[in-house]
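[1] dropping the sequence and predicted coords here.
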Amino acid sequence: MNQARICMLILGCAVMALAVPAGTSNTTHAGTDALQTETHTQHAAAADREQHHACLEEERASIERGEGFGMAMAADHAGYPGPRHVLDLSSELKLTAEQRSAMERVYAAMHEKAVARGTELLESEARLEQMFREGRPEADLREQSFRVDSIHAELRWIHLAAHLAAQKILTADQIALYMHLRQGQM
């Protein structure tokens with residue numbers, strides 16, 4: 001299972017754990033059990049916050065490196081190979097020299113755009129946080145929030161478009177083999 005999927009699962013579990021009210025108990029020793037449950041819930045929430053923070057740091061590092069961190073999962077699951085993964089599997093896929101060269105160009109272009117847009121995304125997100133600390137008007141916060149999400153969507157499209165381009169380079173047999181090989185990695 002890849003790191004992006006693990007982080008998504010952790011985040012989902014964290015949300016579910018936080019949804020359980022503190023002090024919930026279904027035993028007859030309400031006082032002691034409620035205290036134990038509340039303490040357990042607090043520890044679980046702290047652990048979830050740590051895991052959430054670790055996932056956010058992993059996502060940030062991935063964005064800084066120009067990696068997708070699951071942004072193109074929809075394309076990958078639908079049989080549109082990712083150029084980085086294709087290059088990693090080039091021997092198994094028996095890429096021709098022309099295919100490898102074309103895939104390297106797709107990857108290089110995607111990577112360059114992803115790093116630039118990723119930097120812009122991280123800067124915009126930092127700006128949004130700063131605006132909250134400054135107590136900026138709601139309209140300004142809303143506008144910056146939409147800007148952050150717009151940049152994120154553009155970054156995601158960069159990764160998705162690379163999958164579209166990569167699929168055009170491979171044969172149907174190579175795509176089928178790619179999907180088989182990737183199933184074993186997920």
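    Received, thanks.

[2] residue boundaries of the strands in this structure?
    Read by DSSP state E, the chain holds no strands at all.

[3] and the pLDDT for Leu35?
    For Leu35, the model assigns a pLDDT of 64.

[4] how about low-confidence regions in the chain?
    Low-confidence segments of the chain (pLDDT under 70): 1-37, 39-40, 186.

[5] longest helix in it, please.
    Counting residues, the longest helix found in the chain (DSSP state H) is helix 97-134.

[6] just checking, Tyr178 touches Leu89?
    Yes. If you go by C-beta atoms under 8 Å, Tyr178 and Leu89 touch, sitting 6.5 Å apart. Every residue, glycine included, has its C-beta placed from N, CA and C.

[7] comparing these two, which residue is more hemmed in?
    Tyr178 (23 against 18; other C-beta atoms under 10 Å).

[8] before we move on, back to that, can you list the buried residues in the longest helix of the chain?
    Neighbour-count burial for helix 97-134, counted by 16 or more other C-beta atoms under 10 Å, picks out 99, 102-103, 106-107, 110-111, 113-115, 117-118, 120-121, 124-125, 128, 131.

[9] what of stretch 52-72?
    His52, Cys55, Glu59, Ser62, Ile63, Gly66, Glu67, Gly68, Phe69, Gly70, Met71, Ala72.

[10] now stretch 41-48
    When burial is assessed from 16+ other C-beta under 10 Å, stretch 41-48 yields the following buried residues: Thr41, Asp48.

[11] over to stretch 150-167?
    Taking 16+ other C-beta under 10 Å as the neighbour-count basis, stretch 150-167 is seen to contain the buried residues 151-152, 155-156, 158-163, 165-167.

[12] cool, stretch 173-184 as well?
    Buried residues in stretch 173-184, defined by neighbour count with 16+ other C-beta under 10 Å: Gln174, Ile175, Leu177, Tyr178, Arg182.

[13] only C-alpha atoms, please: export stretch 72-84 in CSV.
    The C-alpha trace of stretch 72-84 is given here as CSV (Å, rounded to 0.1, in the frame of the first residue of the first chain):
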residue,chain,number,x,y,z
ALA,A,72,-3.6,10.9,-10.0
MET,A,73,-5.0,7.8,-8.3
ALA,A,74,-8.2,8.1,-10.4
ALA,A,75,-6.1,7.9,-13.6
ASP,A,76,-3.8,5.1,-12.4
HIS,A,77,-6.8,3.0,-11.2
ALA,A,78,-8.5,3.4,-14.6
GLY,A,79,-5.4,2.2,-16.5
TYR,A,80,-3.7,5.4,-17.3
PRO,A,81,-0.1,4.7,-16.2
GLY,A,82,2.0,7.3,-14.4
PRO,A,83,5.2,8.2,-16.2
ARG,A,84,7.4,7.8,-13.1
